[in-house]
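Participant: got a sequence here, can you build the structure:
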Amino acid sequence: MAFHGALRYPGYKMASTGTSSTVHRKRVVLLGATGSIGENTLRVITAHPDKLELVAVAARNNWPKLAAIAQQFNVRHVGVFEDSAFAAARRNAGDFPAGTRLLGGIQGLIELARLPDADIVLVAVVGTTGLEPALAALAAGKDLALASKEILVLAGKFVMAAARKHRVKLLPVDSEHNAVFQCLEGHPNAGVRRIVLTASGGAFRDWPAEKLAHVTPADAVKHPNWSMGPKITVDSATLANKGLELIEAQWLFGLKPAQCTTVLHPQSIVHCLVEFNDGAMLAQLSPPSMTFPIQHALLHPERAPGVDSPIDFTRLVGLEFRPVDEARFPMLRLARETMAAGGVAPAIYNAANELAVAAFLDATIPFLAIPRVVEQTLATIKNFEPTDLAAVLAVDAEARRMTAAAIPRFAP
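Facilitator: The predicted structure follows:
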């Protein structure tokens, strides 16, 4: 296979395999290697070959890109989630390094997550696919770097319990949660009044409200600050992304729903504010690049020179903050209601949103129908407190069935 420029990570040199040069390197499993988080993770690993070693990669279906990554980083454990893509990868096994072990399906991701050679597993797969691999990593005693916020939204109760049980680190990779993590280090939770996650407002932040009825999928995936996949970019435009982050923050930091708030911040420079009981606030600032939180999570507790340039205060003209209008962003209102309801409501919210966004991206429903679809699904399924993970997964499946059945009624 020929390497294309977009697949290369310039400057990466594999460290010597001698014992003295590898003993201090963290061995990384990267689930979701071909997406935007994966690409930025590879940039971080490229910048620190003396500190980080990539030992396994996986993706949903982009096996050619996985093969290129495996060749460059000399990775011998590769997972492909979708059956047809896995079959194609096996037919083209010669494109991977000699001796590569190819694994398929969810069991393949689980096996990579508990790889004996690994120290830390970074889960960056879209949606809830990463839940079982994340739990497998924790059970195997691996530190978990979490970029897939849906995992804690769906099963935060069980994921946090597993992290405590196995005494491993759960390191947030989302820029906002990583920022909160940094601000809270060394401070007891009892001293925290609230956390404030910042939201860019997405592609339609400054659009007139009447124009929102006519937006297209092409409009929605043009984020003003971040380079991300289509689903999360649409979530930024509806503020569902921030709603999911508020739910995730509640689990990550052991907070009550009322302690988790948000504010619009168009520049995406301040990623969080933490207010303490005495009124003092700490903020975390960095440019809008995912390399900053990814590197912090992978190298924690060590600090090292970053991949991207830091903030240049000679060019930063100002920082702006605005309250969020929940009438304009009903997905945030719905997220707050699910947080207050607890139980399986957040799982229903997440599943319904995932299908509604997919329908919008397929031009099946209009943009403004997304919160209407989610609200109807939330009203249809009875909420309860789950006692095990199987109950949550059953509700997730039911919410997807109900949402899929409802979507045609919201077509233009």
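
Participant: and the helix or strand containing Leu298, what does it pack onto?
Facilitator: Assessed by DSSP states H and E, Leu298 sits inside helix 291-299. Applying 3 or more Cβ pairs under 8 Å, 6 or more residues apart in numbering; DSSP states H and E, one finds that helix 291-299 contacts strand 26-31, helix 36-47, strand 120-123, strand 143-146, strand 170-172, helix 175-184. Just so you know, the C-beta spots here come from the backbone N, C-alpha and C atoms, and that holds for glycine as well.

Participant: output these in TSV, with distance to Thr100 appended to each entry.
Facilitator: Listed next are these as TSV, based on distance: least, Cβ to Cβ, whole Å:
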stretch	distance to Thr100
strand 26-31	15
helix 36-47	17
strand 120-123	19
strand 143-146	23
strand 170-172	28
helix 175-184	32
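
Participant: now render those as CSV, adding mean neighbour count and distance to Phe360.
Facilitator: Shown next, in CSV, are those (neighbours: other Cβ atoms under 10 Å; distance: least, Cβ to Cβ, whole Å):
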stretch, mean neighbour count, distance to Phe360
strand 26-31, 24, 26
helix 36-47, 23, 20
strand 120-123, 26, 25
strand 143-146, 26, 26
strand 170-172, 23, 27
helix 175-184, 24, 24
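
Participant: secondary structure element holding Val263?
Facilitator: Assigned by DSSP H and E, Val263 belongs to strand 260-264.

Participant: give the rounded mean pLDDT of that strand.
Facilitator: Mean pLDDT, strand 260-264: 96.

Participant: just stretch 41-61 next, same as before
Facilitator: For stretch 41-61, the mean pLDDT works out to 98.

Participant: measure it end to end?
Facilitator: With Cα to Cα, to the nearest Å as the measure, the ends of stretch 41-61 fall 18 Å from one another.

Participant: circling back: what does the helix holding Leu298 rub up against?
Facilitator: Residues from elsewhere that reach helix 291-299 (Cβ atoms under 8 Å, 6 or more residues apart in numbering): 26, 28, 37, 40-41, 43-45, 47-48, 51-52, 120, 122, 145, 147, 171-175, 178-179, 182, 286, 304, 306-308.

Participant: go again with 6 Å.
Facilitator: 40-41, 43-44, 145, 171, 173, 175, 178, 286, 307-308 (Cβ atoms under 6 Å, 6 or more residues apart in numbering).

Participant: just the CA atoms of that helix, as PDB, please.
Facilitator: Extracted in PDB, the C-alpha atoms of helix 291-299 (Å, rounded to 0.1, in the frame of the first residue of the first chain):
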ATOM      1  CA  THR A 291      -3.700  17.800  21.300                       C
ATOM      2  CA  PHE A 292      -3.700  19.700  24.600                       C
ATOM      3  CA  PRO A 293      -6.200  17.500  26.500                       C
ATOM      4  CA  ILE A 294      -5.000  14.300  24.800                       C
ATOM      5  CA  GLN A 295      -1.400  14.900  25.800                       C
ATOM      6  CA  HIS A 296      -2.400  15.800  29.300                       C
ATOM      7  CA  ALA A 297      -4.300  12.500  29.700                       C
ATOM      8  CA  LEU A 298      -1.700  10.300  28.100                       C
ATOM      9  CA  LEU A 299       1.300  11.700  30.000                       C
END
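
Participant: buried residues in it, which are they?
Facilitator: Neighbour-count burial for helix 291-299, counted by 16 or more other Cβ atoms under 10 Å, picks out 291-299.

Participant: picking up where we left off before, could you identify the most distant pair in the contacts of helix 291-299?
Facilitator: Within the contacts of helix 291-299, two members stand farthest from each other by Cβ to Cβ: Leu171 and Asp308, at 19.4 Å.

Participant: contacts only, for Leu138.
Facilitator: 144, 162-163, 166, 168.

Participant: JSON lines for the residues you listed, including distance to Asn92 and pLDDT?
Facilitator: Below are the contacts of Leu138 laid out as JSON lines (distance: Cβ to Cβ, whole Å; pLDDT from 0 to 100):
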{"residue": "Leu144", "distance to Asn92": "31", "pLDDT": "97"}
{"residue": "Ala162", "distance to Asn92": "36", "pLDDT": "96"}
{"residue": "Ala163", "distance to Asn92": "38", "pLDDT": "96"}
{"residue": "His166", "distance to Asn92": "37", "pLDDT": "96"}
{"residue": "Val168", "distance to Asn92": "36", "pLDDT": "96"}
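
Participant: what residues does Ile69 make contact with?
Facilitator: 33, 57.

Participant: where along the stretch 151-300 of the chain do the strands fall?
Facilitator: For the stretch 151-300 of the chain, applying DSSP state E, counting those that start in this stretch gives strands covering 170-172, 192-199, 260-264, 270-276, 281-285.

Participant: so what are the domain limits for this protein?
Facilitator: As recorded under automatic domain parsing, the domains making up the chain are 5-148, 187-288+314-410.

Participant: just the pLDDT at the residue lying closest to Gly35 once chain neighbours are set aside, thanks.
Facilitator: Taking Cβ to Cβ, 6 or more residues apart in numbering, and ignoring the residues beside it in sequence, Gly35 has Gly229 as its nearest neighbour in space, at 5.6 Å. On pLDDT, Gly229 comes in at 74.

Participant: low-scoring stretches of the stretch 151-300 of the chain, by residue?
Facilitator: Low-confidence segments of the stretch 151-300 of the chain, defined by pLDDT under 70, span residues 223-228.
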